[in-house]
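1. show me the folded form of this:
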Amino acid sequence: MDVVVAIDSFKGSLSSNQAGQSVKEGILSVYPDASVKVVPVADGGEGTVDALVEGMNGMRETLTVVGPLGEPVLATYGILSESKTAIIEMAQASGLTLVPEGLRNPLNTTTYGVGEIIKEAIKKGCRHFIVGIGGSATNDAGVGMLQALGFEFYNAADELVGAGGRVLSEIVRIKTDGILKELSECTFKIACDVDNPLYGTNGAAHIYGPQKGATPEIVDQLDQGLVHFSHVVEKELGKDIAHVPGAGAAGGLGYGFLGFLNGSLESGVEIIIQATNLEDHVKNADVVVTGEGRLDHQTAMGKAPIGITKIAAKHGKKVIALAGSVSDDATTCNKEGMAAYFSIQQGPTTLEEAMEIEAAMKHVASTTEQVFRLINVFSS
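-> Got it, this is the predicted structure:
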């Protein structure tokens, strides 16, 4: 029997690799001679670095960068040496969790540290980048990141502007002479699962500003800054991209990648599927096992397990899913092609007990064993 295991992390408990290896253990207890391929899964958000580094024999790198408030923070990213690919989670450098609640104000926060990670990865030989941009504390349209990469932004007094969302309305000129020359050799795939434009009522400031600490007055100021900046970019660089779906992601960081680094905004799940060559593995499988921490109707709206299910369906393969918990509306996953799903819980327990790593791994393995015993009954 050939089985592909592509299971997302159980947030706060198991990594993708831990969950996958536990599934493998359960399968081999029933089919000792089975070929079981564990493929890392993530959606471009938290856990993407861990999933790809662990699942694809990558390396972790840690460096000190400028944090969202200008203070030094430690950021970790991954390198896949064979493909010269860097895996970056922007939240490592500019995430909301790095800003104390009382200091949250996107007028002040910067993406500078994201640019520093990119710069360091380029020095280490990376030319391809997968960047997850969820969880940002920022609304600077990527200006901070671009400053770290050598782009210069000037105000009306012909002075370099500072940092944060507040500087967007000051920028009147953009200079590109000093940018890192290796950027022309680089590709950027941005994991983006929102379709917000840069500005407007559905834009970066109005939709996401309040959760980053912006008052209604600050939201208006930020939105006006984004409008102004987009006009400067159109005039200086000839790029009218403010209304591209996803430009408003991560406080406009999506716009920064699009307009200045020729990045592509793609589904996080699709990026990971391509990076891991998942489809090639699925083609030869008898069964595909997927899952995540909680299966519910949101899963069916395009999260990792459904992305995997669609790849499997394309090749006529059956998909079984495992989850830490399953909601009543998870039946929508069946309608999207998932053959069956199962909760790994085996009795009453507290949330803390259920999320304990050793217990969760044991429950994943034992549930998988019973599922494959059932498969064995009907295939023998």
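2. just the strands in the protein please.
-> 2-5, 35-38, 59-66, 72-80, 85-89, 128-132, 152-154, 173-175, 187-191, 264-266, 287-295, 318-326, 340-343 (DSSP state E).
3. chain center to the third one, what's the gap?
-> It refers to strand 59-66. 17 Å (C-alpha atoms, centre = their mean, to the nearest Å).
4. buried ones in the lowest-mean-pLDDT helix or strand in the chain?
-> Ranked by mean pLDDT, DSSP states H and E, the weakest helix or strand in the chain is helix 351-355, scoring a mean of 84. Buried residues in helix 351-355, counted by 16 or more other C-beta atoms under 10 Å: 354-355. The way it works is simple: take the backbone N, C-alpha and C, and place the C-beta from them, glycine included.
5. same check, this time on stretch 109-125
-> Neighbour-count burial for stretch 109-125, counted by 16+ other C-beta under 10 Å, picks out 109-122.
6. again with stretch 240-249
-> Quick answer for stretch 240-249 (16+ other C-beta under 10 Å): 241-242, 244, 246-249.
7. same thing with stretch 74-90?
-> 75-80, 84-90.
8. same question for stretch 27-43.
-> So, applying 16+ other C-beta under 10 Å, buried residues of stretch 27-43: 27-28, 30-31, 36-43.
9. what's the first-to-last distance across it?
-> Counting by C-alpha to C-alpha, to the nearest Å, you get 25 Å between the two ends of stretch 27-43.
10. now stretch 50-63
-> 16 Å.
11. residues in contact with that stretch?
-> Contact with stretch 50-63 is made by 9, 15-17, 20, 38-42, 49, 74-81, 87, 116-117, 120-121, 124, 130, 272, 275-276, as judged by C-beta atoms under 8 Å, 6 or more residues apart in numbering.
12. let's see 7 Å
-> 9, 15-17, 38-42, 74-81, 87, 120, 275-276 (C-beta atoms under 7 Å, 6 or more residues apart in numbering).
13. residues in contact with the closest residue to Gly45 other than its chain neighbours?
-> Distances taken as C-beta to C-beta, 6 or more residues apart in numbering place Gly134 nearest to Gly45, at 4.2 Å, with adjacent residues excluded. Gly134 makes contacts with 44-45, 91, as judged by C-beta under 7 Å, 6+ apart.
14. thinking Thr176 is in contact with Phe151, fair?
-> Yes. In this structure Thr176 lies within contact range of Phe151 using C-beta atoms under 7 Å: 6.1 Å.
15. more neighbours, these two?
-> Taking neighbours as other C-beta atoms under 10 Å, Thr176 and Phe151 compare with Phe151 leading, 22 against 13.
16. how much space between the closest residue to Asp193 other than its chain neighbours and Ile171?
-> Excluding the flanking residues, the one nearest Asp193 by C-beta to C-beta, 6+ apart is Gly268, at 5.6 Å. Per C-beta to C-beta, to the nearest Å, Gly268 is found 30 Å from Ile171.
17. who has more neighbours out of these two?
-> More neighbours surround Gly268 than the other of Gly268 and Ile171, with 25 against 21 (other C-beta under 10 Å).
18. go ahead and confirm the more buried one touches Ile133.
-> No. Using C-beta under 7 Å, Gly268 is not in contact with Ile133; the gap is 9.3 Å.
19. pLDDT at the nearest residue to Ser343 once chain neighbours are set aside, what is it?
-> Of all residues not flanking Ser343 in the chain, Val326 sits nearest, at 4.6 Å (C-beta to C-beta, 6+ apart). pLDDT for Val326: 94.
20. Val326: what's it in contact with?
-> 295, 341, 343.
21. and for the spatially closest residue to Ala191 that is not a sequence neighbour, the neighbour number?
-> In this structure, Ala191 finds its nearest non-sequential neighbour in Gly44, 2.3 Å apart by C-beta to C-beta, 6+ apart. Neighbours of Gly44 under the rule other C-beta under 10 Å: 26.
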